[in-house]
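S.K.: Predicted model, plus sequence, below.
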Amino acid sequence: MMIGKEMAIAPHQESVQDVSTQTAALVEIFSAIQGEGLNVGTRQLFVRFGGCDLRCRFCDSANTWHTQAICKIEATPGQRDFEVHPNPVEIAQLIAWVKRQAVVNLHDSLSLTGGEPLLHADFLADFLNQLRKTIQIPIYLETGGHRPDDLRKLLPYLDMVGMDLKLPSVSGETHWEAHEAFLKICDQSGVTVFCKLITSRDTTDADLDQATALVARVNPNIPLFFQPVTPLTDKGQPAPPTPQQVLDWQAKCKQQLTSVRVIPQTHKMIGQL
Ligand code: SF4
């Protein structure tokens, strides 16, 4: 893991011929404080990709499910002075936007998020290959953790992976086999990986047992984060777990796993975009 390494522009520039002409649909780029998982509290440059192949009941990013005609690109880190640009975006353009945000000593890492960023795995492999020739910054992938074949394409460029374990009783999505294959690949590759469980009042013991056993089978030292759903105003959203549920679940998981933490979405607590 290279978290903490400062973001700096390398002295050389890549040649134009090196840059792939692949494209991808973005949602937005912005600089913010990470509010979830192992990187909570760190400053990240978020590159959010459009498109998702899942439909989690608790999703707070439904605007990312389908690719859009435009994307919003922050001009100054943390100022929310968004420019609007057309989709799709070429790699050279994305690198230029990332470089523009490259303020020394500001970002701890670059977060690839979505939607599901692994839907753009081929684009990302080329983008990250080009990016590391010009900017030194740790790369963090936020993913639903259900596309192991696409993950393999990116592993050489990743420093950290935060993967969701989708609990069917909460998300409505069931991907146990893919999750286990995905986590095994991460663990065997040596990339820093952690798992995130979004929990609600409806979380079942059977789902929790299955998720805990899955992580324990791969490596009981992989950190597990419980993330209680954030209460949203829309009808039909799952209710957050009770304090007693959270205490009981953590105690249960700690019987098999070394590191089990409970962290709600802190960026929403501070009113951050
Ligand atoms: S994987 Fe993420 S973006 Fe996709 S539906 Fe689930 S929560 Fe929403």
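M.R.: That came in fine, so what should we check first?
S.K.: do you know how far the residue positioned nearest the centre of the chain is from Ile185?
M.R.: Geometric centre of the chain, nearest residue: Glu142, 1.5 Å, by C-alpha atoms, centre = their mean. Glu142 sits 16 Å away from Ile185, taking C-beta to C-beta, to the nearest Å as the criterion. C-beta coordinates here come from the backbone N, C-alpha and C atoms, glycine included.
S.K.: now do Gln22
M.R.: 23 Å.
S.K.: same thing with Gly162?
M.R.: According to C-beta to C-beta, Gly162 stands 15 Å off from Ile185.
S.K.: Between these two, tell me which one has more neighbours.
M.R.: Higher neighbour count among Gly162 and Ile185: Gly162, with 23 against 18, using other C-beta atoms under 10 Å.
S.K.: Mind telling me what element that one is part of?
M.R.: Using DSSP states H and E, Gly162 sits within strand 160-164.
S.K.: buried set for stretch 206-216?
M.R.: Of the residues in stretch 206-216, Asp207, Leu208, Ala211, Thr212, Leu214, Val215, Ala216 count as buried by neighbour count, 16 or more other C-beta atoms under 10 Å.
S.K.: Turn the residues you listed into TSV, columns for distance to Phe58.
M.R.: Formatted as TSV, the buried residues of stretch 206-216 follow (distance: C-beta to C-beta, whole Å):
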residue	distance to Phe58
Asp207	14
Leu208	16
Ala211	16
Thr212	20
Leu214	20
Val215	20
Ala216	25
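S.K.: who in this structure is up against the ligand?
M.R.: Cys52, Leu54, Arg55, Cys56, Cys59, Ser61, Thr64, Gly114, Gly115, Glu116, Gly144 (C-beta under 6 Å from any ligand atom).
S.K.: Quick one: residues contacting the third one.
M.R.: Right, Arg55. Contact analysis of Arg55 by C-beta atoms under 8 Å, 6 or more residues apart in numbering lists Trp65, Gly172, Glu173.
S.K.: circling back to that earlier point, and the contacts of the strand holding Gly162?
M.R.: Outside strand 160-164, the residues that reach it (C-beta under 8 Å, 6+ apart) are 1, 3, 36-39, 109, 138-145, 151, 179, 182-183, 186, 191-198.
S.K.: 6 Å - rerun?
M.R.: By C-beta atoms under 6 Å, 6 or more residues apart in numbering, the list of residues contacting strand 160-164 from outside reads 1, 37, 140-145, 186, 191-196.
S.K.: quick one on the thing from earlier: least confident of the residues of the chain next to the ligand?
M.R.: Lowest pLDDT among the residues of the chain next to the ligand: Ser61, with 86.
S.K.: ok so, going back, and the residue nearest to the centre of the chain, how far is that from Glu36?
M.R.: 8 Å.
S.K.: residue boundaries of the helices in the stretch 1-150 of the chain?
M.R.: When assigned using DSSP state H, counting those that start in this stretch, the helices of the stretch 1-150 of the chain occupy the ranges 91-100, 121-131, 148-154.
S.K.: I'd like these laid out as JSON lines, including mean neighbour count.
M.R.: Formatted as JSON lines, those follow (neighbours: other C-beta atoms under 10 Å):
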{"stretch": "helix 91-100", "mean neighbour count": "17"}
{"stretch": "helix 121-131", "mean neighbour count": "20"}
{"stretch": "helix 148-154", "mean neighbour count": "18"}
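S.K.: can you list these in CSV and add mean pLDDT?
M.R.: Conversion of the helices of the stretch 1-150 of the chain to CSV gives the following (pLDDT from 0 to 100):
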stretch, mean pLDDT
helix 91-100, 97
helix 121-131, 97
helix 148-154, 98
